[in-house]
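Enquirer: Below: sequence and its predicted model.
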There are 2 protein chains.
Amino acid sequence: MNLKQLSHMLSLSQTTVSRALNGYPEVSEETRRRVMDAAKRHGYRPNPSARRLATGKSGMIGYVLPTGAAVDIDPHFVEFLSGLGDYARSHELDLVLSPADADDEETTYRRIVANRQVDAVYISSPRPADRRLALVNTLGIPFIAHGRSEGLDFDYPYLDIDNEGAFHEAARLLLQLGHKRLALINGNERETFAIHRERGVRRALAASGMTLGERLIHSVTMTEENGYRAARRLLEDSEPPTAIVCSSLIMALGVVRAVRDLGLTIPGDLSLIAHDDVFPWLRPENFPVPLSTTRSSIRLAGARVAERLAARISGLEEGARGEVWPVDLVVRGSVAGAPV
Amino acid sequence: MNLKQLSHMLSLSQTTVSRALNGYPEVSEETRRRVMDAAKRHGYRPNPSARRLATGKSGMIGYVLPTGAAVDIDPHFVEFLSGLGDYARSHELDLVLSPADADDEETTYRRIVANRQVDAVYISSPRPADRRLALVNTLGIPFIAHGRSEGLDFDYPYLDIDNEGAFHEAARLLLQLGHKRLALINGNERETFAIHRERGVRRALAASGMTLGERLIHSVTMTEENGYRAARRLLEDSEPPTAIVCSSLIMALGVVRAVRDLGLTIPGDLSLIAHDDVFPWLRPENFPVPLSTTRSSIRLAGARVAERLAARISGLEEGARGEVWPVDLVVRGSVAGAPV
DNA sequence: AGAGTGTTCCAAAGCGCTTTGGCTGACTTG
DNA sequence: CAAGTCAGCCAAAGCGCTTTGGAACACTCT
């Protein structure tokens, strides 16, 4: 059942039927009702390929997926996706993942824009001076960044959490509890979120007249193993920290293992706070000692990004609005006063 | 730059140019070369929307993503995706995720097939008598299942790992080491892979004249917390098992925690083997006691599924070929002889 | 009554590709 | 040498929608 057939059985032109269906004003209410009715009755659904060719709109949002043998997709991605999908579903938006060589995403961005494959894209965890943002900005496709960049000479729409504030609060709490040696196990130092978190910790330290020594910060890919290694190195130092702030639950697993291996205890010898993106399958309250966290649901962020993307596509949102979500500091058993 | 312009500057018809570009035989080699050359020089890329409308082929593969507030996307998904993307990239295949209400995926399948949005779909972890398989089978869209179903009255193409064999081997090893009470912490009992694994364990037990008592099997969603709970219940029983086979690394984390909480040790009091899908961020060799595993890279499976999907799209693969990968049993420190 | 103003609808021209059916001219074949 | 074959090319008809530029008609206003 296509437009031609439908309009024929209604004795109307394709124009009128099309307009009636798409809510244009130049068609009488009675005719519209007749058309809508017939369309529903015959289960007519406009062919998206045809509509696409005619309008250039695809009804999909895009994401360029960096791939390669040495490239690991962040496990956070799946949670973000949950949220995104949840919203997208209610709006019949599909998500197109375009795999790209991690060393050359630009080609792929250009392709999907030139081909008008998607109406908007989202960009995850932009780094400082991220080239993807500059690119999509000049290409003129609607987009939203999840996370922030730095040092760009233009504004752009984004959704981010207050990483600096969160880690500032976490560090401040530990300092208030009397900790004098505070360490940070952070994500990759080229990531903006890691930079912001470090900034937050440094600011808290500075307020107490302290600094974050070189040996008290590790910036690594967020795996269990790296968490372990960083913690080992920190705790085996001649002057080990009494508190650690850690950028992910997965790394915190490694930290806990290291603490155990060294015969230390939490929070007796070490206080620990980690960032929690809220995974259904690994919860901080279930750590050997319930873990204090800075918490922000990455899933909700996914839903919000989808919502704003949809708004941008339909012209309801414009400009370079940035949105920064506050982060909860959830105190559990893993923090205590500094050992005496 | 479109076909019309290109053919105009070559003084050829659109027909000929199109055929030259698409490798049809009815065009001379010399002409083909000229066309190819000009196309490359002017950066001509056929408009996919137009091609789609004309051919009905989209150059994309699809996946229906179950969503909903209560639905969690499996963290394995992201690894599978890594592999899929890795292959898809080299073939300029995009992946379309169509979010669906988890309680009604059928509508979405029908939509993407009716709209010809994708050329093929893959179906993850089909359950016994999975309705999705029956559906796509009758809808006639090329597909491949990752995992297997049971009790279907037709054959279908799939890629699966030998779950039964893997868990049979794991259980057999433990029995050979003298364990008399063996427990299984499995995934959701409605999942085919869980059924197969249970079958493998039961078969090994049967060979030794034993059975898997009701209290020695837990079938639960694979989270750390569920692993912990199941292990607690098992180990606090009046007759606790001396060995556990566990369906995922994440659950194994919980098992290890339970063992610790109860003041027991691995492998002194308990031998443990878990299934490892090979995550970059959580490795069995880094468990407090290096974990023995049944190992199979879900990432490689993703790549293979993409490869076969591509083959099916281009007609290189047909029929209901099933492919079952063997699973490695990797023995590490977490297993030992039964305690005396 | 004639001009002006809306309202409602339509024919037809795209959008950019693939594919059908056919034409041309050169080359074999008996 | 007439008939048949075949390689190489083309014009035009789709694919199914949106949108442009009117046309027709009823109505109000001076």
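Expert: Here it is on my side, so go on. Residues are numbered from 1 along each chain as shown, chains lettered A, B, ... in the order given.
Enquirer: Please give the element, helix or strand, for the nearest residue in space to residue A:317 that is not next to it in sequence.
Expert: Leaving out its chain neighbours, the residue that sits closest to residue A:317 by C-beta to C-beta, 6 or more residues apart in numbering or on different chains is residue A:311, at 3.9 Å. Where you see a C-beta, it was placed from the backbone N, CA and C, and this is true even at glycine. Secondary structure from DSSP states H and E places residue A:311 in helix A:298-313.
Enquirer: mind checking pLDDT for the residue of the stretch 151-300 of chain A found nearest DNA strand D?
Expert: Going by C-beta to the nearest atom of the strand, DNA strand D is nearest to residue A:157 of the stretch 151-300 of chain A, at 24.6 Å. At residue A:157, the pLDDT value in this model is 98.
Enquirer: Is residue A:206 inside a helix or a strand, and which specific one?
Expert: Under the assignment here (DSSP H and E), residue A:206 is part of helix A:192-207.
Enquirer: What average pLDDT does that helix get?
Expert: Averaged over helix A:192-207, pLDDT sits at 98.
Enquirer: Centroid-nearest residue for chain A?
Expert: Taking C-alpha atoms, centre = their mean, the centroid of chain A lies closest to residue A:146, which sits 4.5 Å from it.
Enquirer: how does chain A divide up, domain by domain?
Expert: Domains of chain A are assigned by automatic domain parsing as A:3-46, A:60-161+A:300-325, A:163-295.
Enquirer: nearest to residue B:100, of the ones you listed?
Expert: domain A:60-161+A:300-325 (6.4 Å; C-beta to C-beta).
Enquirer: Is there contact, residue-wise, from the closest one to DNA strand C?
Expert: No: against DNA strand C, domain A:60-161+A:300-325 shows no contacts by C-beta under 7 Å from any atom of the strand, the least distance being 9.4 Å.
Enquirer: Walking through chain A, point out its helices one by one.
Expert: A:3-9, A:14-21, A:29-41, A:48-55, A:76-90, A:105-114, A:131-139, A:163-176, A:192-207, A:224-235, A:249-261, A:298-313 (DSSP state H).
Enquirer: Let's have those in a markdown table, adding mean neighbour count.
Expert: Conversion of these to a markdown table gives the following (neighbours: other C-beta atoms under 10 Å in any protein chain shown):
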| stretch | mean neighbour count |
| --- | --- |
| helix A:3-9 | 15 |
| helix A:14-21 | 18 |
| helix A:29-41 | 14 |
| helix A:48-55 | 18 |
| helix A:76-90 | 23 |
| helix A:105-114 | 17 |
| helix A:131-139 | 17 |
| helix A:163-176 | 23 |
| helix A:192-207 | 20 |
| helix A:224-235 | 22 |
| helix A:249-261 | 23 |
| helix A:298-313 | 22 |
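Enquirer: now these as TSV including distance to residue B:162?
Expert: Listed next are those as TSV, based on distance: least, C-beta to C-beta, whole Å:
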stretch	distance to residue B:162
helix A:3-9	51
helix A:14-21	52
helix A:29-41	49
helix A:48-55	40
helix A:76-90	26
helix A:105-114	36
helix A:131-139	41
helix A:163-176	44
helix A:192-207	41
helix A:224-235	27
helix A:249-261	29
helix A:298-313	34
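Enquirer: Out of the ones you listed, which gets nearest to residue B:88?
Expert: The nearest among the helices of chain A, by C-beta to C-beta, is helix A:105-114 at 11.5 Å.
Enquirer: could you give me the average pLDDT of the closest one?
Expert: The average pLDDT within helix A:105-114 is 95.
Enquirer: Say whether chain B is contacted by that helix.
Expert: Yes: interface with chain B: helix A:105-114 contributes A:111, A:114 (C-beta under 8 Å from any C-beta of the partner chain).
Enquirer: Does at least one residue of stretch A:274-288 sit close to chain B?
Expert: Yes: applying C-beta under 8 Å from any C-beta, one finds stretch A:274-288 touching chain B at A:279, A:280, A:281, A:282, A:283, A:286, A:288.
Enquirer: What is the most widely separated pair among those residues?
Expert: Greatest spatial distance among the residues of stretch A:274-288 next to chain B (C-beta to C-beta): A:280 and A:288, at 19.6 Å.
Enquirer: Tell me, how many residues neighbour residue A:116?
Expert: When neighbours are counted by other C-beta atoms under 10 Å in any protein chain shown, residue A:116 registers 17.
Enquirer: how about the nearest residue to it, chain neighbours excluded?
Expert: residue A:56 is the one closest to residue A:116 (C-beta to C-beta, 6+ apart), at 5.0 Å.
Enquirer: Around the one you found, how many other residues sit close by?
Expert: Look at residue A:56: counted by other C-beta under 10 Å, it has 11 neighbours.
Enquirer: isn't it right next to residue A:118, touching?
Expert: No: between residue A:56 and residue A:118 there is no contact under C-beta atoms under 8 Å: 11.2 Å.
Enquirer: circling back to that earlier point, please state the offset of the helix holding residue A:206 from the chain centre?
Expert: Taking C-alpha atoms, centre = their mean, to the nearest Å, one finds the center of helix A:192-207 at 20 Å from the center of the full chain.
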